[in-house]
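[1] Here is a sequence with its predicted model. Questions after.
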Amino acid sequence: MRRAQILQALEELAEKIGIEIRFEKMGTLAGGLCRIHDGRVILINKNLSEASKVELLANELATEREKMESIYILPEIRELLGLS
């Protein structure tokens, strides 16, 4: 799987568990999971490399294990999240 496909799969997974993804200009900050009002959002610096975006998104989603128990996740993505 290419990085662009992995990033897309991670974005879709986030949407399935109710987390919005936003790519923003953030200076030197990489981003992370935060609460905005009643919702959860993962902010990602849009200037990061594709590999860094994948790593950041995978790390943040890995903290949401309990929400992914009933969702089918591709084996490669499951392994990336440490769910294997």
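    Perfect, thanks for sending it.

[2] just the strands in this structure please.
    With strands called from DSSP state E, the chain shows them at 19-24, 31-36, 39-45.

[3] Just give the number of residues close to the closest residue to Arg78 other than its chain neighbours.
    In space, Arg78 comes closest to Ser84 once its chain neighbours are excluded; the distance is 5.6 Å by Cβ to Cβ, 6 or more residues apart in numbering. The way it works is simple: take the backbone N, C-alpha and C, and place the C-beta from them, glycine included. Using other Cβ atoms under 10 Å, Ser84 has 7 other residues around it.

[4] Could you do Glu12 as well?
    12.

[5] can you pull the pLDDT of it?
    Model confidence at Glu12, given as pLDDT, is 96.

[6] Also Arg65?
    With respect to pLDDT, Arg65 has a value of 88.

[7] and Glu20, what is it in contact with?
    14, 39-42 (Cβ atoms under 8 Å, 6 or more residues apart in numbering).

[8] mind putting those residues in a markdown table, neighbour count and distance to Glu66 included?
    A markdown table is the format used below for the contacts of Glu20 (neighbours: other Cβ atoms under 10 Å; distance: Cβ to Cβ, whole Å):
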| residue | neighbour count | distance to Glu66 |
| --- | --- | --- |
| Ala14 | 20 | 15 |
| Gly39 | 10 | 18 |
| Arg40 | 15 | 14 |
| Val41 | 18 | 19 |
| Ile42 | 22 | 17 |
